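[1] Sequence first, predicted model second:
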Amino acid sequence: MKIRRKGVLCIFLLPSIVLVVSFGIYPTFYNFLLSLRDVNLISYIRGTAKYVGFSNYSSILRDTLFWKAFLNTFIFTGLSLLFQMIIGFMIALLFNYEFPLKGFLQALVMIPWVMPIMVSGTYFRWIMSDNGFLNNLLMALGWIKEPIRWITSEKLAIYSLSFANIWLGIPFNFILIYTGLREIPEELYESAEIDGARGWQKVLYITIPCLKPVLVTTLILGCIFTMKVFDLVWIITRGGPGGASHLFTTFSYSLAFDRFQFGRSSAVVIIMLLIVIALVLVLNKVKLEEE
Amino acid sequence: MRRRKGWRWTLLVSLVVFIIVIPLYFIAIGGFMSVEEIFRKPPYFFPPNPKLDYYKEAFFTLLPYMRNSFLISFGTLGLTLLVSLPAAFVLAKFKLIVNRFANILFTFVQILPFVAVIIPLFLIFTKLKMINNLWGVILGLSVFLVPFAIIILRAYMMSIPTALLEAAVIDGASYFKLFLKIILPLSAPAIASVSILVFLLAWGNFIIPLAFVKERSLQPMSIGLYNFIGQYGVQWNKLMAGSMIYTLPPLIVALIAGKAIVAGLTAGALKE
């Protein structure tokens, strides 16, 4: 459209830019500055936080808890993405027909997304606790003798948390893949049938290739969302036991608010951001090549 | 036209959906049981002697928190719409040099984890006296929800025919008039969907109030419930009853406006 007086249009954009820059971009930059200083609550308020160069980074990189969080973030993200997508895809296939009550059932599938995280966190904390629902059920069935320490053992906790997060991500994966499925023309399936294709062959040779762009988009968004997860872990294990289930996010938060090591906490955030940005750039490249 | 299936298909799908929504059921019945019953071995699948007391107790404990949750959610919704609607209009309908810059900014904030800004914001808000202040929470949430809203709204506004705007410009309409008289009314479905999404995300948010509101009388329901996980052990039945009460508004919204939620989420993700 032809534009007169561009200045007026900038007024439309200005509030959003001011908001995002002052409370989103500036804090991120500020984070970087904090990561170069020895900041705790007292030194911050007095304004005496010393410049220490990259020593926060080197001390963090020598911390075994950091590497634990690093590994956990990858396990958590990898498992979540894989299973959310598989389950979401299968449910989307089920919904790719017309049947009675479809709209109602579809709304129900969205419930994990709609439920506040505090509530789903509470639920998983309850079923997976040592004397919780799952152990009580398995023991009553005689499948196990001792309770399994789903969220209190150092080894298992991160896998249990991943399980909870997979459940949380089902709606989003389902809905994107379902929308993608609806855009595949029915004629493709029909002509494949004439050529004698069976059910699974149609999925393999028509559905999946046609869906590829949608799947890649879903993967990118899922990756971003999963790397951001904080609340679920904080509510269920608080990163415990002994820091064994920390992600980058919860590790950074606990450094800041449990130990008041703001400088080191910021260093973790900056490292995490660099990793997320690198991942997104790589995935975006894959996406562009796909198109 | 997709193929039709009958009630047998509905039954099959219901079984799968049942597994997905089962947490809601257990939370709901947990609120009717004593703590011993909640942790009984073998577990109960129905409350053996349901009591309404825990729901009542949880309701009255949570009442002040509920007020804060509504204030925060509606405050965030108002601010987010006010800021993102005009921005989406410009991004969708004009080619300005600043657009690219704005797009990069908004995309960047989309990938930003809450934790990445929480520490600096905490320090900034401490200086601005916005800790223990609902405005602090609203601002903190809006930063993340504005880019989210803009992406969805822009996708929708791009589908509004530009010819409509051009005709109005020839008639001498100002940009404000275009925005108020043409864009806003025609974007009603997108505005509805964005409003629902923003409300739900603000309602359910945990980390922002966790970090910025220590004063109990100002905390929203998410933190009110978190307080039930106290130093003296978890009051599980109150926690579950309270969780159910807290979930009710989003649940009702989802059942009434499920389509709008789906439309918003897919517009933001797929149509760029």
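    On my side now, so go ahead.
[2] so B:Pro209 makes contact with B:Ser222?
    Yes. Between B:Pro209 and B:Ser222 there is a contact at 6.4 Å, judged by CB atoms under 8 Å. Every C-beta, even on glycine, is put in place using the N, C-alpha and C of the backbone.
[3] mind listing what's buried in the helix or strand where A:Leu219 lies?
    Assigned by DSSP states H and E, A:Leu219 belongs to helix A:208-228. Neighbour-count burial for helix A:208-228, with 16 or more other CB atoms under 10 Å in any protein chain shown as criterion, is recorded at A:210-211, A:214-228.
[4] State the next helix or strand along the chain beyond that helix.
    helix A:231-236.
[5] residue ranges with poor pLDDT in the stretch 101-250 of chain B?
    B:231-232 (pLDDT under 70).
[6] Tell me where it has helices.
    B:114-128, B:134-157, B:162-170, B:175-177, B:184-186, B:188-204, B:207-212, B:221-228, B:236-270 (DSSP state H, counting those that start in this stretch).
[7] Now do stretch B:153-173: everything it contacts.
    Outside stretch B:153-173, the residues within contact range by CB atoms under 8 Å, 6 or more residues apart in numbering or on different chains are A:1-2, B:84-85, B:88-89, B:91-93, B:177-178, B:181-183, B:186-187, B:189-191, B:194, B:267-268, B:271-272.
[8] buried residues in stretch B:80-91?
    By neighbour count on 16+ other CB under 10 Å, the buried set for stretch B:80-91 is B:Thr80, B:Leu81, B:Val83, B:Ser84, B:Leu85, B:Pro86, B:Ala87, B:Ala88, B:Phe89, B:Val90, B:Leu91.
[9] and chain A, which of these contact it?
    Filtering these for neighbours of chain A using CB under 8 Å from any CB of the partner chain leaves B:Val83, B:Ser84, B:Pro86, B:Ala87, B:Phe89, B:Val90, B:Leu91.
[10] Would you point out which residue is most central in chain A?
    Nearest to the geometric centre of chain A sits A:Thr226, at 1.1 Å (CA atoms, centre = their mean).
[11] A:Asn165 is in contact with that residue, correct?
    Yes. Using CB under 8 Å, A:Thr226 makes contact with A:Asn165 at a distance of 6.9 Å.
[12] anything in contact with each of these two?
    A:Phe76, A:Ser80.
[13] The strand or helix carrying A:Pro112 near chain B anywhere?
    Assigned by DSSP H and E, A:Pro112 belongs to helix A:111-114. Yes. Judged by CB under 8 Å from any CB, helix A:111-114 and chain B are in contact via A:Ile111, A:Pro112, A:Trp113, A:Val114.
[14] Most neighbours among those residues, please name it.
    Among those, the one with the most neighbours (other CB atoms under 10 Å in any protein chain shown) is A:Val114, at 25 neighbours.
[15] ok, now how distant is that residue from A:Ala107?
    9 Å (CB to CB, to the nearest Å).
[16] shared neighbours of these two, anything?
    The contact sets of A:Val114 and A:Ala107 overlap at B:Ala254 (CB under 8 Å, 6+ apart).
[17] what does the average pLDDT come to for the helix holding A:Pro112?
    Helix A:111-114 carries an average pLDDT of 93.
[18] by contact count, what packs against it?
    Here helix A:111-114 touches helix A:157-182, helix B:7-30, helix B:236-270, going by 3 or more CB pairs under 8 Å, 6 or more residues apart in numbering or on different chains; DSSP states H and E.
[19] Distance to B:Ile131 and mean neighbour count added to the ones you listed, as CSV?
    Formatted as CSV, these follow (distance: least, CB to CB, whole Å; neighbours: other CB atoms under 10 Å in any protein chain shown):
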stretch, distance to B:Ile131, mean neighbour count
helix A:157-182, 29, 22
helix B:7-30, 32, 16
helix B:236-270, 24, 21
